[in-house]
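Asks: sequence? don't have it. structure:
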């Protein structure tokens, strides 16, 4: 009896490995008792016992007169997306979450995405394995400081975690896995688009903060590499707490800014504010002044003329990560090094370019 039970458990473990990490998809037909007996040279009792245990654990199910199939719950794995509760991130977070859930790999692999705020995550950190019984990975969406603060605790809990956000924010995450949108490439692609349109006097409208400072620095480096001039009037830094529209109204009222195009380090309060200011000052867009921003908020797409922008390809990023999670185990991902890849970008052309 003990020997038969041992054989049954060994067979159960091997079949479980095939279901969870093999080539089976949800609802695929599983091997019959007869085929399992022949393949593993096992007795009827050993095979039946292993299958009964797998069925009791929800890994397989039976259909009358049809056979044995892989259960949807067998492949369910949870991806927890932790993000700040601010409204400015909401549209990007929705695109990213939707991309994870709608990836062609997601339904076959049984992935489930769950969103939670940084506050909820920190409150429930000790009970993660209880609350999320099938937790596979945690993605920290644009909150590098939170991930860094709990990196050691998550390692001790043996929970795979990674950062998704800007390369400038990820600099503090030396030993952590991350998938980033590279600020230098983001800015270069935007400026290249303006350059290809014939613009040589390109200004920059930015504001305070690590990410924006990084984008301003990338702008200055790009202009220097092209041998293009940057005057004080062309580089506009929005002071903390000041409104982008009011700031640009004052700036434009002081005279010609000395440029034919503006790169806006964000659309939120910058690109949209500048576009509104140009309209108020009766400066034709894009005939007199072209604009290109970074799409951070959905309302930027409703402006008239619409604001041309560079978008992070959240859906492609999500597909890449789901593919990675589907084909690799957490230990394998971590073993490849802290940086997993970089985002790609999309130029959304509008009436301002």
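Replies: Cool, the structure landed. Treat the numbers as computed from the prediction; the structure is a model and nothing was measured.
Asks: quick one: the helices in the stretch 51-200 of the chain?
Replies: 90-102, 104-109, 118-124, 128-131, 144-156, 183-196 (DSSP state H, counting those that start in this stretch).
Asks: buried residues in the first one?
Replies: It refers to helix 90-102. By neighbour count on 16 or more other Cβ atoms under 10 Å, the buried set for helix 90-102 is 91-93, 95-97, 99-100. (Each C-beta comes from the backbone N, C-alpha and C, glycine too.)
Asks: for residue 267, find the nearest of the helices of the stretch 51-200 of the chain.
Replies: With Cβ to Cβ, the closest approach to residue 267 among the helices of the stretch 51-200 of the chain belongs to helix 90-102: 10.5 Å.
Asks: okay, now the domains of the protein?
Replies: The chain is divided into the following domains under automatic domain parsing: 2-73, 75-182+314-343, 184-312.
Asks: residue 349: which of the ones you listed is closest?
Replies: The closest of the domains of the chain to residue 349 is domain 184-312. By Cβ to Cβ, the value is 5.3 Å.
Asks: could you list the low-pLDDT ranges of the stretch 151-300 of the chain?
Replies: For the stretch 151-300 of the chain, the stretches flagged by pLDDT under 70 are 296-300.
Asks: before we move on, back to that, for residue 217, state which of the buried residues of helix 90-102 is nearest.
Replies: Distance to residue 217 across the buried residues of helix 90-102 (Cβ to Cβ) is lowest for residue 92, with 22.4 Å.
Asks: that older thread, mind putting the buried residues of helix 90-102 in TSV, pLDDT and distance to residue 254 included?
Replies: Below are the buried residues of helix 90-102 laid out as TSV (pLDDT from 0 to 100; distance: Cβ to Cβ, whole Å):
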residue	pLDDT	distance to residue 254
91	76	34
92	81	34
93	85	38
95	82	38
96	86	40
97	86	44
99	78	44
100	80	47
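Asks: let me know the closest of those residues to residue 227.
Replies: Of all the buried residues of helix 90-102, residue 227 sits closest to residue 92, with 34.5 Å by Cβ to Cβ.
Asks: make sure that closest one is actually in contact with residue 315.
Replies: No - Residue 92 is beyond contact range of residue 315, at 11.3 Å (criterion: Cβ atoms under 8 Å).
Asks: burial measure for residue 63, as a count.
Replies: 9 (other Cβ atoms under 10 Å).
Asks: quick one on the thing from earlier: ok, which of the helices of the stretch 51-200 of the chain comes nearest residue 59?
Replies: The nearest among these, by Cβ to Cβ, is helix 104-109 at 14.5 Å.
Asks: could you give the mean pLDDT of that closest one?
Replies: Taken as a whole, helix 104-109 has a mean pLDDT of 61.
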